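**Q** any chance you can model this:
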Amino acid sequence: MKKSIKILSILMMAIMIIMVATPVFAGNTITPIAPTDTGNILTLAGKILGFLQWIALIGGTIIIAILGIKYMMGSLEEKAQYQKSFIPLIVGIVVVMGAVTIANLIVNTFTT
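**A** This next block holds a predicted model:
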């Protein structure tokens, strides 16, 4: 099973490299027929990213508060279990916030 996944992933990477490199080495360039207005799309993307960031913040805060209350009220075994569940939660919040921040940085870099 692992060998077939390895072969499949290598094959997919090779196909992606070929697809990206073919227009570059063939001398073909993609030129738009008419200029496109990306202002509306970037505004919408910014709103979506901001919404995702707030959802992650609010949801993470609520879940941490609930787990904190359960941790204070729980027995020793339950406290150990809650401590284990805090780590993936915090990592998930950091990943979502980091991804949204990086996406905002990229959008802001290319809009100015």
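**Q** list the buried residues for whichever strand or helix holds Q81?
**A** Assigned by DSSP states H and E, Q81 belongs to helix 76-111. Residues of helix 76-111 classed as buried: 82, 93, 96, 100, 103, 107 (neighbour count, 16 or more other CB atoms under 10 Å). For the C-beta atoms, the positions are set from N, CA and C on the backbone; glycine is no exception.
**Q** pull the contacting residues for the last one.
**A** Counting by CB atoms under 8 Å, 6 or more residues apart in numbering, V107 makes contact with 42, 45-46, 49.
**Q** ok, those residues vs L57, which is closest?
**A** Nearest to L57 out of those is L49 (CB to CB; 12.7 Å).
**Q** how close does I55 get to V96?
**A** 9 Å (CB to CB, to the nearest Å).
**Q** give me the common contacts of the two.
**A** Joint contacts of I55 and V96 (CB under 8 Å, 6+ apart) do not exist.
**Q** ramachandran angles for the residue located most distally from the centre of the chain?
**A** Within the chain, S75 marks the point farthest from the mean C-alpha position, 35.7 Å out by CA atoms, centre = their mean. Note on S75: its backbone torsions stand at phi -80, psi -180 [degrees, to the nearest 10].
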